[in-house]
Each structure stands twice: as C-alpha cells, then as structure tokens.
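K.L.:
I'll drop the sequence and a predicted model, then ask my questions.
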Amino acid sequence: MNSVLILIYLALINITGLLVMAVDKKKAKQSKWRIPEKVLWTITLLGGGIGTFFGMTWFRHKTKKWQFIWGIPAVILLELALFIKVVV
C-alpha cells in the first residue's frame with residue numbers, strides 16, 4: 001500500500017511540475033506575472049523533477065539557464081537513487 005501511495009504522489013507532483021512549466025512559459029510569452037523560480041525548484045525537489053524536465057523540453061522553457069540545464073537532471077538522478085534505495 002505504501003508503494004502505491006508513493007507512486008500516486010510522484011505522478012501528481014510530476015504532473016504539477018509539467019503544468020507549472022507550461023503556465024510559466026505562457027505567462028512569459030504574454031509578459032505577465034511569472035511563477036517564481038523558487039516555486040519551480042520546490043516542486044522539483046519535492047519529487048517533480050521528471051515533470052519539470054519534460055516541461056523544460058516540451059515548452060522550451062528555462063533551457064538557457066544553466067541552473068536548470070544541469071540542476072534538474074542532477075536532482076532527478078538523486079531522486080532516482082533515493083527511490084531505488086527506499087523501494088529496493
């Protein structure tokens with residue numbers, strides 16, 4: 001049961017990461033108020049790295065910022081290592 005809850009949580013946080021990147025990209029194009037980078041990083045660090053990464057790729061958002069180019073994949077690798085250690 002705990003594994004199922006973890007997977008549901010990870011699915012939801014990654015969908016959130018993807019959607020937040022989409023919304024921020026749309027707001028950037030419209031020159032409107034943006035979602036703070038702290039929010040993007042918080043979602044990533046809470047397990048939404050894969051969704052955030054796909055959001056970066058699909059929407060071509062934050063792809064010129066080295067913090068995101070290198071940081072998001074690094075967080076994903078750390079999260080995968082933690083997930084493997086906890087589950088396996």
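P.N.:
Nice, I can see it. Numbers count the residues shown, from 1 in each chain.
K.L.:
Please, where are all the helices along the protein?
P.N.:
Here the chain has its helices, by DSSP state H, at 2-29, 37-43, 49-59, 66-87.
K.L.:
What are the buried residues along the second one?
P.N.:
Same thing as helix 37-43. Residues 40, 41, 43 are the ones in helix 37-43 that count as buried (16 or more other C-beta atoms under 10 Å). All C-beta spots, glycine's among them, are computed from the backbone N, C-alpha and C.
K.L.:
just to revisit the earlier point, so which of the helices of the chain is the most surrounded?
P.N.:
With neighbours defined as mean count of other C-beta atoms under 10 Å, these peak in mean count at helix 49-59, which reaches a mean of 20.
K.L.:
Pull the residues that contact it.
P.N.:
13-22, 25, 40, 43-44, 61-63, 68, 72-73, 75-76, 79 (C-beta atoms under 8 Å, 6 or more residues apart in numbering).
K.L.:
how about 7 Å then?
P.N.:
14-18, 21-22, 25, 40, 43-44, 61-63, 68, 72-73, 75-76, 79 (C-beta atoms under 7 Å, 6 or more residues apart in numbering).
K.L.:
can you list the weak-confidence ranges in this structure?
P.N.:
Applying pLDDT under 70 to the chain flags the ranges 1.
K.L.:
Centre-most residue in this structure?
P.N.:
Nearest to the mean C-alpha position of the chain, by C-alpha atoms, centre = their mean, lies residue 52 at 2.6 Å.
K.L.:
Check the gap between that one and residue 4 for me.
P.N.:
Distance, residue 52 to residue 4, using C-beta to C-beta, to the nearest Å: 23 Å.
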